[in-house]
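[1] Got a predicted structure plus its sequence, pasted below:
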Amino acid sequence: DTAVSQTPKYLVTQMGNDKSIKCEQNLGHDTMYWYKQDSKKFLKIMFSYNNKELIINETVPNRFSPKSPDKAHLNLHINSLELGDSAVYFCASSQGQGFNEQFFGPGTRLTVL
Amino acid sequence: GENVEQHPSTLSVQEGDSAVIKCTYSDSASNYFPWYKQELGKRPQLIIDIRSNVGEKKDQRIAVTLNKTAKHFSLHITETQPEDSAVYFCAASKTGNQFYFGTGTSLTVIP
(Lines give C-alpha, C1' and ligand atoms only; values in the text may rest on other atoms or scores of the structure.)
Protein backbone atom coordinates (compact mmCIF):
# COMPACT_ATOMS: atom_id res chain seq x y z
CA ASP A 1 0.00 0.00 0.00
CA THR A 2 1.37 3.39 -0.96
CA ALA A 3 0.69 5.93 1.77
CA VAL A 4 1.59 9.11 -0.16
CA SER A 5 1.94 8.89 -3.91
CA GLN A 6 3.00 11.44 -6.49
CA THR A 7 2.82 11.48 -10.27
CA PRO A 8 4.82 11.78 -12.33
CA LYS A 9 8.09 10.63 -10.80
CA TYR A 10 10.15 12.40 -13.44
CA LEU A 11 9.18 15.44 -15.48
CA VAL A 12 11.36 16.97 -18.18
CA THR A 13 10.02 20.02 -19.95
CA GLN A 14 10.96 23.18 -21.78
CA MET A 15 11.10 26.64 -20.29
CA GLY A 16 7.81 28.49 -20.55
CA ASN A 17 5.64 25.38 -20.39
CA ASP A 18 2.90 24.75 -17.81
CA LYS A 19 2.94 21.49 -15.87
CA SER A 20 1.15 19.80 -12.98
CA ILE A 21 2.23 17.35 -10.30
CA LYS A 22 -0.37 15.27 -8.54
CA CYS A 23 -0.32 14.02 -4.96
CA GLU A 24 -2.61 11.62 -3.19
CA GLN A 25 -2.56 10.20 0.33
CA ASN A 26 -4.58 7.27 1.61
CA LEU A 27 -3.75 7.77 5.29
CA GLY A 28 -6.86 9.75 6.14
CA HIS A 29 -4.72 12.77 7.03
CA ASP A 30 -6.21 16.22 6.80
CA THR A 31 -3.03 18.26 6.39
CA MET A 32 -0.92 18.15 3.23
CA TYR A 33 2.21 19.98 2.16
CA TRP A 34 4.42 20.73 -0.80
CA TYR A 35 8.19 21.01 -0.38
CA LYS A 36 10.91 21.92 -2.85
CA GLN A 37 14.32 20.26 -2.53
CA ASP A 38 17.01 21.95 -4.56
CA SER A 39 20.28 20.53 -5.85
CA LYS A 40 21.95 21.22 -2.50
CA LYS A 41 19.33 19.05 -0.80
CA PHE A 42 17.76 22.00 1.01
CA LEU A 43 14.14 21.21 1.88
CA LYS A 44 11.88 24.25 1.84
CA ILE A 45 8.17 24.30 2.56
CA MET A 46 6.05 25.90 -0.15
CA PHE A 47 2.44 25.32 0.88
CA SER A 48 0.42 23.72 3.63
CA TYR A 49 -3.26 22.80 3.36
CA ASN A 50 -5.59 21.69 6.13
CA ASN A 51 -8.97 20.25 5.19
CA LYS A 52 -8.63 21.65 1.68
CA GLU A 53 -7.87 25.15 2.94
CA LEU A 54 -4.59 26.95 2.45
CA ILE A 55 -2.81 27.42 5.77
CA ILE A 56 0.70 28.32 4.78
CA ASN A 57 1.92 29.99 1.64
CA GLU A 58 5.60 30.69 1.87
CA THR A 59 7.29 33.17 -0.40
CA VAL A 60 6.64 31.29 -3.59
CA PRO A 61 6.16 32.88 -7.03
CA ASN A 62 2.52 33.06 -8.00
CA ARG A 63 3.36 30.88 -10.99
CA PHE A 64 2.93 28.06 -8.47
CA SER A 65 -0.68 27.32 -7.65
CA PRO A 66 -1.73 24.47 -5.38
CA LYS A 67 -5.18 22.96 -5.66
CA SER A 68 -6.85 20.65 -3.20
CA PRO A 69 -10.01 19.07 -4.65
CA ASP A 70 -10.47 17.02 -1.47
CA LYS A 71 -8.62 16.10 1.70
CA ALA A 72 -6.77 13.24 0.04
CA HIS A 73 -5.36 15.23 -2.87
CA LEU A 74 -3.09 18.23 -3.22
CA ASN A 75 -1.92 19.05 -6.72
CA LEU A 76 0.69 21.56 -7.75
CA HIS A 77 0.37 23.49 -10.98
CA ILE A 78 3.29 25.49 -12.29
CA ASN A 79 2.94 28.10 -15.03
CA SER A 80 5.66 29.50 -17.28
CA LEU A 81 8.37 27.16 -16.01
CA GLU A 82 11.84 28.61 -15.46
CA LEU A 83 15.26 26.99 -15.23
CA GLY A 84 15.36 27.71 -11.50
CA ASP A 85 12.27 25.59 -10.96
CA SER A 86 14.35 22.47 -11.57
CA ALA A 87 14.29 20.54 -8.29
CA VAL A 88 12.69 17.58 -6.58
CA TYR A 89 9.21 18.36 -5.32
CA PHE A 90 7.92 16.40 -2.35
CA CYS A 91 4.36 16.13 -1.23
CA ALA A 92 3.73 15.19 2.41
CA SER A 93 0.81 14.67 4.75
CA SER A 94 0.23 14.58 8.49
CA GLN A 95 -2.67 14.05 10.83
CA GLY A 96 -4.20 17.26 12.06
CA GLN A 97 -2.45 20.51 12.73
CA GLY A 98 -0.61 19.18 15.73
CA PHE A 99 2.95 18.07 16.01
CA ASN A 100 2.68 14.88 14.11
CA GLU A 101 4.92 12.93 11.79
CA GLN A 102 4.90 14.02 8.19
CA PHE A 103 4.77 11.24 5.65
CA PHE A 104 6.51 12.15 2.43
CA GLY A 105 5.75 11.05 -1.08
CA PRO A 106 8.49 9.62 -3.32
CA GLY A 107 9.19 12.97 -4.92
CA THR A 108 8.91 14.33 -8.46
CA ARG A 109 12.16 15.30 -10.16
CA LEU A 110 11.41 18.28 -12.37
CA THR A 111 13.98 19.28 -14.97
CA VAL A 112 13.43 22.45 -16.96
CA LEU A 113 15.51 22.73 -20.13
CA GLY B 1 10.43 33.61 10.51
CA GLU B 2 12.32 30.67 11.93
CA ASN B 3 15.92 30.02 10.87
CA VAL B 4 17.37 26.57 11.44
CA GLU B 5 21.10 26.00 11.05
CA GLN B 6 22.61 22.54 10.90
CA HIS B 7 26.19 21.36 11.26
CA PRO B 8 28.21 19.71 9.95
CA SER B 9 27.14 19.52 6.32
CA THR B 10 29.12 16.30 5.83
CA LEU B 11 30.27 13.75 8.36
CA SER B 12 32.29 10.57 7.93
CA VAL B 13 32.70 8.07 10.74
CA GLN B 14 34.07 4.58 11.08
CA GLU B 15 31.57 1.82 11.60
CA GLY B 16 30.88 1.40 15.29
CA ASP B 17 31.76 4.98 16.17
CA SER B 18 29.26 7.62 17.24
CA ALA B 19 27.93 10.46 15.10
CA VAL B 20 26.60 13.77 16.36
CA ILE B 21 24.68 16.33 14.31
CA LYS B 22 23.81 19.72 15.76
CA CYS B 23 21.08 22.22 14.97
CA THR B 24 20.27 25.68 16.24
CA TYR B 25 17.03 27.59 15.82
CA SER B 26 16.12 31.23 16.15
CA ASP B 27 12.47 31.35 17.21
CA SER B 28 12.11 30.70 20.93
CA ALA B 29 8.44 29.82 20.35
CA SER B 30 9.38 26.68 18.40
CA ASN B 31 8.44 23.67 20.45
CA TYR B 32 8.62 20.61 18.23
CA PHE B 33 11.84 19.27 16.72
CA PRO B 34 11.75 16.24 14.41
CA TRP B 35 14.67 14.56 12.68
CA TYR B 36 14.32 13.03 9.23
CA LYS B 37 16.57 10.58 7.42
CA GLN B 38 16.76 10.61 3.64
CA GLU B 39 18.54 7.77 1.89
CA LEU B 40 19.88 8.34 -1.60
CA GLY B 41 17.04 8.78 -4.06
CA LYS B 42 14.42 8.13 -1.41
CA ARG B 43 11.91 10.20 0.52
CA PRO B 44 12.64 11.74 3.94
CA GLN B 45 11.39 9.62 6.85
CA LEU B 46 10.97 10.55 10.49
CA ILE B 47 13.44 8.80 12.78
CA ILE B 48 12.89 10.59 16.06
CA ASP B 49 11.30 13.75 17.41
CA ILE B 50 11.30 15.74 20.62
CA ARG B 51 8.94 18.24 22.12
CA SER B 52 9.98 21.21 24.18
CA ASN B 53 8.80 19.78 27.49
CA VAL B 54 11.58 17.17 27.54
CA GLY B 55 15.33 17.50 27.34
CA GLU B 56 16.25 14.12 25.92
CA LYS B 57 14.65 11.23 24.09
CA LYS B 58 16.18 7.92 23.13
CA ASP B 59 15.19 5.16 20.73
CA GLN B 60 17.68 2.28 20.58
CA ARG B 61 20.86 3.67 18.97
CA ILE B 62 19.38 7.10 18.31
CA ALA B 63 18.97 9.90 20.82
CA VAL B 64 18.04 13.56 20.60
CA THR B 65 18.83 16.25 23.14
CA LEU B 66 17.26 19.67 23.40
CA ASN B 67 18.54 22.78 25.15
CA LYS B 68 15.74 25.36 25.00
CA THR B 69 17.76 28.04 26.72
CA ALA B 70 20.52 27.86 24.15
CA LYS B 71 18.07 27.06 21.35
CA HIS B 72 19.92 24.06 20.07
CA PHE B 73 19.21 20.37 19.66
CA SER B 74 21.35 17.46 18.61
CA LEU B 75 21.04 14.00 17.11
CA HIS B 76 23.27 11.28 18.47
CA ILE B 77 23.75 7.96 16.70
CA THR B 78 25.76 5.34 18.55
CA GLU B 79 27.36 2.17 17.17
CA THR B 80 26.95 3.41 13.62
CA GLN B 81 26.33 0.94 10.84
CA PRO B 82 26.73 1.30 7.06
CA GLU B 83 22.94 1.49 6.68
CA ASP B 84 22.99 4.68 8.74
CA SER B 85 24.61 6.39 5.75
CA ALA B 86 22.11 8.99 4.53
CA VAL B 87 21.28 12.68 4.68
CA TYR B 88 19.81 13.75 8.00
CA PHE B 89 17.59 16.81 8.41
CA CYS B 90 16.57 18.55 11.57
CA ALA B 91 13.46 20.70 11.65
CA ALA B 92 11.66 23.08 13.98
CA SER B 93 8.01 24.01 14.28
CA LYS B 94 5.85 26.10 16.58
CA THR B 95 2.53 25.67 14.87
CA GLY B 96 2.55 22.02 13.86
CA ASN B 97 1.77 22.83 10.26
CA GLN B 98 4.80 24.88 9.29
CA PHE B 99 8.17 23.20 9.48
CA TYR B 100 11.55 24.79 8.90
CA PHE B 101 14.25 22.35 7.91
CA GLY B 102 17.99 22.55 8.40
CA THR B 103 20.29 22.29 5.41
CA GLY B 104 21.01 18.61 5.94
CA THR B 105 24.02 16.53 7.01
CA SER B 106 25.37 13.87 4.70
CA LEU B 107 26.55 11.04 6.94
CA THR B 108 28.86 8.35 5.59
CA VAL B 109 29.64 5.31 7.72
CA ILE B 110 32.83 3.65 6.56
CA PRO B 111 32.84 -0.14 7.00
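    Right, received. Where do you want to start?

[2] in the chain, which helix or strand is least confident?
    Going with chain A. Between all helices and strands in chain A, the lowest mean by mean pLDDT, DSSP states H and E belongs to strand A:53-57, at a mean of 77.

[3] meant chain B actually
    For chain B, using mean pLDDT, DSSP H and E, the weakest element among its helices and strands is strand B:100-101, scoring a mean of 90.

[4] Check what contacts that strand and list those residues.
    Here strand B:100-101 makes contact (CB atoms under 8 Å, 6 or more residues apart in numbering or on different chains) with A:42-45, B:1-4, B:25, B:36, B:89-93. All C-beta atoms are positioned from the backbone trio N, CA, C, and that covers glycine.

[5] which among these end up buried?
    A:Leu43, A:Ile45, B:Glu2, B:Val4, B:Tyr25, B:Tyr36, B:Phe89, B:Cys90, B:Ala91, B:Ala92, B:Ser93 (16 or more other CB atoms under 10 Å in any protein chain shown).

[6] from those, which ones fall inside strands?
    A:Leu43, A:Ile45, B:Val4, B:Tyr25, B:Tyr36, B:Phe89, B:Cys90, B:Ala91, B:Ala92 (DSSP state E).

[7] so which of the residues you listed would you say is closest to A:Gly107?
    Of all those, A:Leu43 has the smallest distance to A:Gly107: 10.7 Å, by CB to CB.

[8] Ignoring the adjacent residues along the chain, who's closest to that closest one?
    B:Phe101 (4.2 Å; CB to CB, 6 or more residues apart in numbering or on different chains).

[9] which residues does the one you found form a beta bridge with?
    B:Ala91 (DSSP bridges).

[10] returning to what we had before: could you list every helix and strand in contact with the least confident helix or strand of chain A?
    Counting by 3 or more CB pairs under 8 Å, 6 or more residues apart in numbering or on different chains; DSSP states H and E, the packing neighbours recorded for strand A:53-57 are strand A:43-50.

[11] what lines up beside the strand it packs on in the sheet?
    The pairing partners recorded for strand A:43-50 under DSSP bridges are strand A:31-37 (antiparallel), strand A:53-57 (antiparallel).

[12] what's the closest of the ones you listed to A:Pro106?
    With respect to A:Pro106, and counting by CB to CB, the nearest of the strands paired with strand A:43-50 is strand A:31-37 at 12.2 Å.

[13] And the contacts of that closest one?
    Identification of contacts with strand A:31-37 by CB under 8 Å, 6+ apart yields A:23, A:25, A:43-51, A:55-56, A:66, A:68, A:71, A:74, A:76, A:87-97, A:102, A:104, A:107, B:97, B:99.
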